[in-house]
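J.: Fold the following.
(chains A, B, C and D)
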Protein chains: 2
Amino acid sequence: MATLKDVARLAGVSVKTVSNVVNGYSFVKPDNRRRVEEALAATGYRPNLGARNLRRGRTGFIALVLPELSIPYFAELAGLVIAAAQEHEWNVLIEQTFGTLAGERSALEALGPHLVDAAIVSPEAVSDFQLEVPAVLLGEHEVDVPISRVGIDNVLAASTAVRHLISLGRRRIAAIGAHPQRGTAALRLEGYRAALEVEGLEFDPSLVVPALNYHRADGAAAMNSLLDMKNPPDAVFCFNDLLAVGAMRAAAERFVRVPQDLAVVGFDNNEESAYSSPSLTSIAPDKGAIARAAVDLLHRRVGVEEAGVENVQTPFSLQVRESTAP
Amino acid sequence: MATLKDVARLAGVSVKTVSNVVNGYSFVKPDNRRRVEEALAATGYRPNLGARNLRRGRTGFIALVLPELSIPYFAELAGLVIAAAQEHEWNVLIEQTFGTLAGERSALEALGPHLVDAAIVSPEAVSDFQLEVPAVLLGEHEVDVPISRVGIDNVLAASTAVRHLISLGRRRIAAIGAHPQRGTAALRLEGYRAALEVEGLEFDPSLVVPALNYHRADGAAAMNSLLDMKNPPDAVFCFNDLLAVGAMRAAAERFVRVPQDLAVVGFDNNEESAYSSPSLTSIAPDKGAIARAAVDLLHRRVGVEEAGVENVQTPFSLQVRESTAP
DNA sequence: CTGAAAGCGCTAACAA
DNA sequence: TTGTTAGCGCTTTCAG
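T.: Predicted coordinates:
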């Protein structure tokens, strides 16, 4: 591996000149520039990022802390974050927490200014933590730290979903995904209640089903408990698409027809939701906008003293599909 | 951020002693050790990985080069690679190529010994490339370079899938996913033909449908073309689950019943495949084994002169579900 | 067992 | 404009 010094020797100039050429700095005598460029090509020189960053006091990495890549929402988001980070010459380091307190703590603790320049965190359990680098939170999980956030208006999104169900003439609308610790769940539940209220429907606590996790199996279990009721719902709002897919699966196994007997709305608009049978109506956050907003915010913050808290709200839409066909 | 020197000053010893303690080296006088540990705790010292790696000549990262995180197979695999890498104190850097030649070239070119210690690559287009770090290929894409691989026996897996369909009494079995450039596709097609041959069925080229990409939309398009035939198939083997999901969706839209009218087998066993309606029978590679084998192989290779090519074959199974119910 | 000091490859004062 | 040089924080001979 050729170093700057090797190139300098070959070109017959000093390292500084080579460094200037490599970094596109100032004015270099054309003749020297040519010779340096030749030497660069001849040696196949490539800068040692570690050394450069050590010197510059930056690392060239940002961390993306998320529950699990096997959750489609996070996988899609991660792909977009990687793409957005590339614009700022950042590489992305993904840490999985599996949504547990221990997992989040250890992932967060591993992060320091010598490992990453900044971090994007999507917490589900931790409530207090410190990060020595600029960070931005995704989602609405409550934490005791003042910190910037990027996300959609969860209350509005949830109420949009539920009002859509009501507009279809549904009257017994269940909610799957309540969770005592998750801020996001609280907001979606709030939106659910707000929609019922606006439309003059009564809130029935027995129609709100908690979910410890937001995986497909949890959605199926919740749906089964709803279908066991003497008076089951005619619609269900699931707090994410995975729960919705599980719910639809459970319904199918019990010969409950979607959407005729039961309308279903999800949240996240996973790519798979357009291809399920029936396809799934879902709240579609603009994931690209989230990824870009988060990365850009960090890029603005890095190297700046003044912390300051910013809240960026990104757009969403309701994707209407077969699971709520009239 | 406290440095080794700060800790040494506080403890009243030299950096060497602190370094020894931090790295668990040799014997340190108990008294010194205690004082160093106190100083370590008091300053909250955390080693600067960049500096350490610069000195050690390693980076602490491995690259995972894959088409796209939004493809469930790669997302699941990435999660497992990250977990496996953690065992060796490696952080994982994910590069997306989108399966294009340009994307693969630029991702591969960005990789150097100062960025990563090794690389796991899942190529789809590139045929010749050089990497200055130990690397292992996932999948069966043909390249002109001698390089280690980890994966399942694609021919056997494909023929297992097709023989399963034949054992159900199906006789007109289509294949979706042929691709002129992809080695993996060639092997799966070979397995398909082998199964037909073993079972004494005739090979009908009109039942083999190519797919430029392996996304859900491609599967739907391919299925539509098959269903347009005067004599459509009674079963289809899709080269991945995404194609299968698309194919099932297209079938449903045309009121073709799965599995009664059409049995479907996929490949990859994505998590979503257990929850589709009907659920999807699929070849299930042991993704955890693939991830572990790849990471372990690299760990053995790194720092070793002699390259040597290893081929690791990981196990797979056939997950039988509703899409091929008798 | 521990200290001093060199140096990994690079950037940025400071001189020239 | 370009060269010289001092470190970034760490590990590692080499003495002691």
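
J.: Just the helices from the stretch 151-300 of chain A, written as ranges.
T.: In the stretch 151-300 of chain A, the helices defined using DSSP state H, counting those that start in this stretch lie at A:154-167, A:183-198, A:216-227, A:241-253, A:287-301.

J.: now do the stretch 1-150 of chain A
T.: Counting by DSSP H, counting those that start in this stretch, the stretch 1-150 of chain A forms helices over residues A:4-11, A:15-22, A:30-43, A:49-56, A:72-86, A:101-110, given from the N-terminal end onward.

J.: and the ones you listed, which is most packed in?
T.: Sort those by mean neighbour count, taking mean count of other CB atoms under 10 Å in any protein chain shown, and helix A:72-86 sits at the top with a mean of 23. Bear in mind the C-beta positions are built from the backbone N, C-alpha and C, glycine included.

J.: Show me where chain A dips below the pLDDT cut-off.
T.: A:26, A:305-307 (pLDDT under 70).

J.: 90 instead, please
T.: Low-confidence regions of chain A, defined here as pLDDT under 90, cover residues A:1-60, A:86-90, A:106, A:109-115, A:125, A:127-133, A:139-145, A:180-183, A:300-308, A:326.

J.: Break it down into its structural domains.
T.: A:4-47, A:59-152+A:287-316, A:154-285 (automatic domain parsing).

J.: Same list (these) but as CSV, adding distance to B:Arg172.
T.: Below are the domains of chain A laid out as CSV (distance: least, CB to CB, whole Å):
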stretch, distance to B:Arg172
domain A:4-47, 55
domain A:59-152+A:287-316, 34
domain A:154-285, 23
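
J.: re earlier: possible to save the helices of the stretch 1-150 of chain A as CSV with distance to DNA strand C?
T.: Below are the helices of the stretch 1-150 of chain A laid out as CSV (distance: least, CB to the nearest atom of the strand, whole Å):
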stretch, distance to DNA strand C
helix A:4-11, 3
helix A:15-22, 4
helix A:30-43, 10
helix A:49-56, 3
helix A:72-86, 19
helix A:101-110, 22
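
J.: Minimum distance to B:Val65: which of those helices has it?
T.: Taking CB to CB as the measure, the helices of the stretch 1-150 of chain A were each checked against B:Val65, and helix A:72-86 came out nearest at 11.7 Å.

J.: That closest one relative to helix B:72-86, how many degrees between them?
T.: The directions of helix A:72-86 and helix B:72-86 differ by 70 degrees, with axes from the mean of the first three to the mean of the last three CA atoms, to 10 degrees as the criterion.

J.: which one of the helices of the stretch 1-150 of chain A lies closest to A:Arg149?
T.: Ranking the helices of the stretch 1-150 of chain A by distance to A:Arg149, with CB to CB as the measure, places helix A:72-86 first at 14.6 Å.

J.: what's that closest one in contact with?
T.: Outside of helix A:72-86, the residues that reach it under the criterion CB atoms under 8 Å, 6 or more residues apart in numbering or on different chains are A:62, A:64, A:66-69, A:91-92, A:94, A:120, A:122, A:138, A:240-242, A:268, A:270-272, A:287-288, A:290-292, A:294-296, B:68-70, B:72, B:75, B:78, B:94-96, B:272.

J.: cool, stretch A:31-38 as well?
T.: A:Val7, A:Ala11, A:Gly12, A:Val13, A:Thr17, A:Val18, A:Val21, A:Val28.

J.: same thing but 7 Å
T.: Applying CB atoms under 7 Å, 6 or more residues apart in numbering or on different chains, the contact partners of stretch A:31-38 are A:Val7, A:Ala11, A:Gly12, A:Val13, A:Thr17, A:Val18, A:Val21.

J.: ok, the first one touching A:Val18?
T.: In other words, A:Val7. Yes - taking contacts as CB atoms under 7 Å, A:Val7 lies within contact range of A:Val18: 4.9 Å.

J.: got a list of what A:Leu54 touches?
T.: Residues in contact with A:Leu54 (CB under 7 Å, 6+ apart) are B:Gly50, B:Ala51, B:Leu54.

J.: Just give me the closest of those residues to B:Ala102.
T.: Nearest to B:Ala102 among the contacts of A:Leu54, counting by CB to CB, is B:Gly50 at 30.4 Å.

J.: ok, the closest one touching A:Thr59?
T.: Yes - the pair B:Gly50 and A:Thr59 qualifies as a contact (CB under 7 Å) at a distance of 6.1 Å.

J.: if I look at the two, which residues touch both of them?
T.: Contacts common to B:Gly50 and A:Thr59, judged by CB under 7 Å, 6+ apart, are A:Asn53, A:His114.

J.: Around A:Ser70, count how many other residues there are.
T.: Neighbour count of A:Ser70, defined by other CB atoms under 10 Å in any protein chain shown: 20.

J.: And the nearest residue to A:Val21 once chain neighbours are set aside, how far from A:Arg56?
T.: Using CB to CB, 6 or more residues apart in numbering or on different chains and skipping residues adjacent in sequence, the residue nearest A:Val21 is A:Val36, 4.5 Å away. Here the distance between A:Val36 and A:Arg56 works out to 21 Å (CB to CB, to the nearest Å).

J.: now swap in A:Gly99 and tell me
T.: Distance from A:Gly99 to A:Arg56, by CB to CB: 35 Å.

J.: How about A:Glu95?
T.: Between A:Glu95 and A:Arg56 the computed distance is 23 Å (CB to CB).

J.: Tabulate the contacts of stretch A:31-38 (a markdown table), appending distance to DNA strand D.
T.: Listed next are these as a markdown table, based on distance: CB to the nearest atom of the strand, whole Å:
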| residue | distance to DNA strand D |
| --- | --- |
| A:Val7 | 11 |
| A:Ala11 | 8 |
| A:Gly12 | 7 |
| A:Val13 | 4 |
| A:Thr17 | 4 |
| A:Val18 | 8 |
| A:Val21 | 8 |
